[in-house]
Every structure is written in C-alpha cells, then in structure tokens.
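**Student:** need the 3D shape of this:
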Amino acid sequence: MLNRFHKFMNSPYFNVNSKLIQLIDILINDIKSKKAVTSKQEIWIKTKMEGPYKDVKFRKLCNDLLERFEKFLVIEEMEKDKPLKANLLIRSLKENKFSELIDKHITKTSLEFSRNIDISSEIHLHKYNYEKNLQNLKSKFEKKEDIKTNLKKESFESMSFNLDTYYFIEKIRHASDISTWTKQYKIEFDIDITNIINQISQDQLNTSPALKIYYFIYQLLYSEEDSEKYFLLKEMAKKEIYKFPKIEQSEIFDALFSYCIRHVNKNNTPFLHEYLDLNDWGINEELTLKNGILSPTSFRNYVVIGLRVGEFDRVENYINKNIILLEHKRRDNALNFNLARLAWYKKDFQTTLSYLQKVNYDDIWYNVNSKNYLMAVYYDLEEFDVLESTIDSFLAFLRREKSINENFKKAHMDFARYLKMLLKLPIGNKSKALSLKEKINSEKNMINKTWLLEKIDELLTKK
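**Tutor:** Numbering: from 1, shown residues only. Modelled structure (predicted):
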C-alpha cells in the first residue's frame with residue numbers, strides 16, 4: 001500500500017504540492033526502516049519550509065497529506081468494487097453527455113454483472129442502481145413510448161426484485177445483529193421484523209440464495225430446537241458461502257457456530273460431533289482464522305470436545321496439523337499441554353507426565369491446569385505421598401496468587417480439596433464415600449468433576 005500511495009502522491013492530477021511529496025518520502029522511509037518517526041522540527045527543515053518552525057503551518061501540511069491519503073483509500077476501494085465503478089461511470093457519461101461511449105460501456109458492464117458470482121445484498125443494490133441508471137438515460141417521452149410498445153423489455157420487475165431483496169436481507173441482518181448484541185451485552189432492546197418475514201415469499205427465497213441464508217440465520221436465533229434449519233443452512237452455506245464478501249462469510253459461519261455451541265453447552269451429543277465437523281470446515285476454508293491465526297481457546301476447545309466423544313485419533317491429527325496456526329509464542333505450551341491431555345484420556349500416564357514436564361509454568365492458565373492433570377495422574381499411579389504434597393503446595397499457590405480470577409480459583413481449589421478428601425477416605429467406608437459423592441455432585445462449576453465421581457464409583461464397587 002505504501003508504494004501505491006507514493007505513486008498516487010507523485011501524480012500531478014492528485015497532488016501538485018512538492019512539500020507533501022517530501023513529507024511522504026520522509027514518513028515512508030521511517031516506516032520501512034522501522035525507526036522512530038522524524039521529529040516535527042527535522043521534517044520542517046528537510047521539507048525546506050519557509051522561516052522558523054510554526055506548529056500551525058506544520059499541522060496544516062499534515063492535514064493536507066491526510067486528506068490525500070483518505071482520497072487514495074476511496075479510490076482503492078472503488079477499484080476493488082467493479083459494480084460501484086460501473087454505476088459511477090454510467091452516471092458520469094450521462095452528466096457529461098458522452099453518448100458515443102454509453103453503448104460501449106453498457107455492453108461491457110452488462111457482461112460483468114452477468115459474470116459476477118457475488119450474491120450478497122450489496123450486489124442486489126448495485127444491480128438496482130445500474131438498471132435505474134440505464135432507465136435514467138432515456139427521456140420521459142422515450143420511456144413512455146417504450147412502456148406502451150414493449151413493456152416486457154423494461155427492467156422494472158428486475159429493479160423491484162433487486163431492491164426488495166437488498167432491503168429484506170439488510171433488515172434481517174440488522175435484526176439478527178441486534179438480537180445477538182442484546183444477548184451478549186444483556187441490554188433491553190429489540191426490533192420486530194415479523195412483518196418483513198411474512199412479506200418474504202417462497203419464490204423470493206428460491207430465487208435469492210443470500211436471502212434464504214439470512215432468513216434461516218434469523219430463524220435459528222429464535223428457534224433453538226429447530227435443528228433441521230441449522231443443517232439446511234449449513235448445506236446451503238457450504239455451496240454458496242464463497243459467493244459472499246469475506247466479512248459476510250464470517251457472519252454466516254458465526255451464525256452456524258453460535259447455534260452449534262448452544263447445543264454443545266447443553267451436552268447434546270450429536271452436536272459434539274457437529275462441533276468438530278464445523279471447526280474442521282472452518283479451518284480448512286480459513287473461516288475461523290483471524291489474519292491466518294487460530295486462537296488458543298478454539299484450539300483447546302476442539303481438543304476437549306474431541307476427547308469427550310472419544311475421537312482420539314482425530315484429536316491427535318488436529319493437534320499436529322493445526323498447531324502451526326497458533327501464534328508462534330503460544331505453540332509450545334499448546335502442543336505439550338494438549339498432547340498431555342490426550343495421553344491422559346488414553347490412560348497413558350507416563351506419556352502424560354512427560355508432556356506436562358515440557359509445559360512452561362510462567363503462563364498461569366497452563367500452570368494451574370497442568371497441576372490438575374498432574375494430581376490426577378499421581379492418583380491413578382497410586383503415588384499418594386507425592387499427591388498429598390502436590391495438593392498442599394497447589395492450594396497454597398492458589399491462595400497467594402492475586403492474578404487469578406476468583407471463580408477460576410474457586411473451581412480449581414474445590415477440585416484439589418475434594419481430591420484430598422478422596423485420598424483420605426477410609427477403604428470400605430461406603431457411607432462416607434456416598435456422602436463425598438453427594439457433596440461433589442452439588443458443586444456447579446468445579447473442574448474435573450466427572451473424573452472425581454468416577455474415582456468414587458470405583459471405590460464403591462471395590463470388594
């Protein structure tokens with residue numbers, strides 16, 4: 001972009017101020033060399049401004065450069081948006097009365113519109129404006145005569161369809177955004193588009209894939225149990241999502257993902273597998289990546305859910321294949337911790353210990369969670385003396401550590417306390433074991449709760 005902006009500034013059509021060219025040369029050189037920005041006083045001297053430094057004049061110079069940069073950004077966007085460019089050109093040809101160029105332009109742009117695979121709401125608006133611009137090329141008399149003699153050739157019906165489709169999609173998107181915001185930020189605000197939804201005909205849904213996709217997205221927000229629409233939306237998205245701009249691709253994927261997560265949180269088993277499928281698709285098509293980077297949370301969640309449903313080979317493949325998508329500084333901990341977690345689920349406790357030893361405990365999250373797996377391994381290996389010592393040091397660490405969120409701290413402290421109680425249970429005392437099980441069951445947010453209950457059940461079934 002810097003090189004393009006430099007060329008832009010050197011074009012006499014866009015800039016005739018030599019001081020601005022000198023200024024942009026200095027700034028681009030500073031940016032590319034990654035050194036501190038040249039001081040205002042130095043720039044004043046290098047650009048050969050008249051007289052002693054004056055801040056008002058310097059700010060005026062910088063503001064002029066900013067205005068040029070804003071114009072450059074507008075032109076850059078227009079160059080990427082061919083339908084917009086076509087509409088602006090047709091309007092200019094009409095205003096400047098370049099009638100000999102109009103037919104040539106119409107032939108060219110009509111072909112471009114027919115080849116354009118974009119199906120987003122914006123393309124419907126562009127098509128509406130294009131057809132409207134074509135109609136405005138005619139005088140009122142010519143238009144009236146056309147209507148009388150050749151009504152079928154007029155594009156009024158197409159204009160109406162494109163305008164309606166744009167309007168319906170944008171109303172649904174707007175309402176969906178508001179619904180999401182109200183849930184996310186717990187604000188009381190709603191927008192009723194029942195009338196809009198009722199106006200949409202089946203024919204419009206069949207004709208416009210984009211409208212149908214957003215129609216399903218809106219319905220999923222209010223029909224949590226209607227999983228049939230989720231799978232219909234997913235099927236459509238896999239066919240059509242690449243015809244949308246990047247920002248809308250993420251919007252559609254996020255709608256599917258949010259619905260899936262709601263069912264995962266309810267422990268709906270089929271959606272646990274669906275979560276894995278959706279994430280695999282999202283990564284393969286870069287729908288879940290931000291600037292090519294996968295978040296550590298997404299990485300961990302996939303591993304946790306995959307292990308819950310026993311997809312060990314799939315999880316191992318995911319870890320080894322996608323670890324490179326994490327930020328470089330996060331990779332080692334994510335790799336070692338999640339491979340340790342995988343080994344633990346497979347009851348390969350020595351391998352679990354091996355990977356846990358490689359985790360860097362400077363990161364509080366990995367420190368705390370690694371200790372939990374470490375304690376569980378010591379219990380399964382019957383290293384009870386080491387376990388008791390580890391529990392005590394872990395509880396002491398949590399008590400004095402001020403950087404940890406209180407809810408997070410409590411969840412982990414509860415696990416350590418109950419594990420110590422389990423360790424102290426008298427062998428064969430079923431009443432105390434059942435009492436401890438009841439207490440653990442009453443806890444809502446404790447980590448490793450299922451594992452603790454399994455260990456108590458093992459004690460209860462021992463003869």
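
**Student:** please count neighbours and contacts with C-alpha atoms only from this point.
**Tutor:** Fine.

**Student:** tell me the contacts of G306?
**Tutor:** Taking CA atoms under 8 Å, 6 or more residues apart in numbering, we find G306 in contact with L272, H273, L276, F312, R314, V315.

**Student:** what is the burial count for F397?
**Tutor:** The tally of other residues near F397 (other CA atoms under 10 Å) stands at 12.

**Student:** quick check: which element contains it?
**Tutor:** Using DSSP states H and E, F397 maps to helix 384-400.

**Student:** residues touching that helix, excluding its own?
**Tutor:** Residues outside helix 384-400 that contact it (CA under 8 Å, 6+ apart) are K371, M375, Y378, Y379, K409, M413, A416, R417, K420, L423.

**Student:** how close does the last one sit to D348?
**Tutor:** L423 sits 21 Å away from D348, going by CA to CA, to the nearest Å.

**Student:** kindly report the same for the third one.
**Tutor:** Y378 is 12 Å from D348, where distance means CA to CA.

**Student:** so between the two, which is more surrounded?
**Tutor:** More crowded of Y378 and D348, by other CA under 10 Å: Y378, with 18 against 14.

**Student:** any low-confidence regions in the stretch 351-463 of the chain?
**Tutor:** Within the stretch 351-463 of the chain, the segments meeting pLDDT under 70 span 463.

**Student:** picking up where we left off before, distance from the chain centre to the helix holding F397, please.
**Tutor:** For helix 384-400, the separation from the chain centroid amounts to 39 Å (computed by CA atoms, centre = their mean, to the nearest Å).

**Student:** so which bits of that helix are buried?
**Tutor:** Under the neighbour-count criterion of 16 or more other CA atoms under 10 Å, helix 384-400 has F384, L387, E388, T390, I391, F394, L395, L398 buried.

**Student:** show me which of the residues you listed is closest to K54.
**Tutor:** Using CA to CA, L398 comes nearest to K54 of these, at 57.8 Å.

**Student:** related to what we said a few turns ago, rebuild the buried residues of helix 384-400 as a markdown table, extending it with distance to I200.
**Tutor:** Formatted as a markdown table, the buried residues of helix 384-400 follow (distance: CA to CA, whole Å):
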| residue | distance to I200 |
| --- | --- |
| F384 | 67 |
| L387 | 64 |
| E388 | 66 |
| T390 | 64 |
| I391 | 62 |
| F394 | 60 |
| L395 | 60 |
| L398 | 57 |
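
**Student:** tell me the buried residues in the helix or strand where N301 lies?
**Tutor:** Using DSSP H and E, N301 sits in helix 296-308. Residues of helix 296-308 classed as buried: P296, F299, R300, Y302, V303, V304, I305, G306, L307 (neighbour count, 16+ other CA under 10 Å).

**Student:** same question for stretch 254-269.
**Tutor:** Quick answer for stretch 254-269 (16+ other CA under 10 Å): D254, A255, L256, F257, Y259, C260, I261, H263, V264.

**Student:** make a PyMOL selection of the buried ones in the contacts of helix 384-400.
**Tutor:** Applying 16+ other CA under 10 Å to the contacts of helix 384-400, the buried members can be selected in PyMOL as follows:
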select buried, resi 371+375+378+379+409+413+416+420+423
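
**Student:** could you report the distance from L459 to I427?
**Tutor:** In terms of CA to CA, L459 sits 8 Å off from I427.

**Student:** these two - which one has more neighbours?
**Tutor:** Comparing L459 with I427 by other CA under 10 Å, the one with more neighbours is L459, at 18 against 13.

**Student:** distance of the more buried one relative to N3?
**Tutor:** 71 Å.

**Student:** what stretches of this protein score poorly on pLDDT?
**Tutor:** 138-155, 184-186, 463.

**Student:** would you map out the domains in it?
**Tutor:** When the chain is parsed with automatic domain parsing, its domains come out as 2-116, 361-463.

**Student:** now these as CSV including distance to D177?
**Tutor:** CSV is the format used below for these (distance: least, CA to CA, whole Å):
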stretch, distance to D177
domain 2-116, 25
domain 361-463, 30
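
**Student:** among the ones you listed, which is nearest P245?
**Tutor:** Within these, the stretch nearest P245 is domain 2-116; the backing value is 11.1 Å (CA to CA).

**Student:** end-to-end on that closest one?
**Tutor:** 30 Å.

**Student:** and it, how far out from the chain middle?
**Tutor:** For domain 2-116, the distance to the chain centre is 31 Å (CA atoms, centre = their mean).

**Student:** stretch 427-435 now?
**Tutor:** Here stretch 427-435 is found 49 Å from its chain centre; the criterion is CA atoms, centre = their mean.

**Student:** can I get that stretch in CSV, CA atoms only?
**Tutor:** The C-alpha trace of stretch 427-435 is given here as CSV (Å, rounded to 0.1, in the frame of the first residue of the first chain):
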residue,chain,number,x,y,z
ILE,A,427,-11.2,-48.0,52.5
GLY,A,428,-14.6,-49.8,52.6
ASN,A,429,-16.5,-47.0,54.2
LYS,A,430,-19.3,-46.7,51.7
SER,A,431,-21.3,-44.2,53.7
LYS,A,432,-18.5,-41.6,53.7
ALA,A,433,-17.8,-42.3,50.0
LEU,A,434,-21.5,-41.7,49.2
SER,A,435,-21.5,-38.6,51.4
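
**Student:** what comes into contact with that stretch?
**Tutor:** L422, L425, I456, L459, L460, K462, K463.
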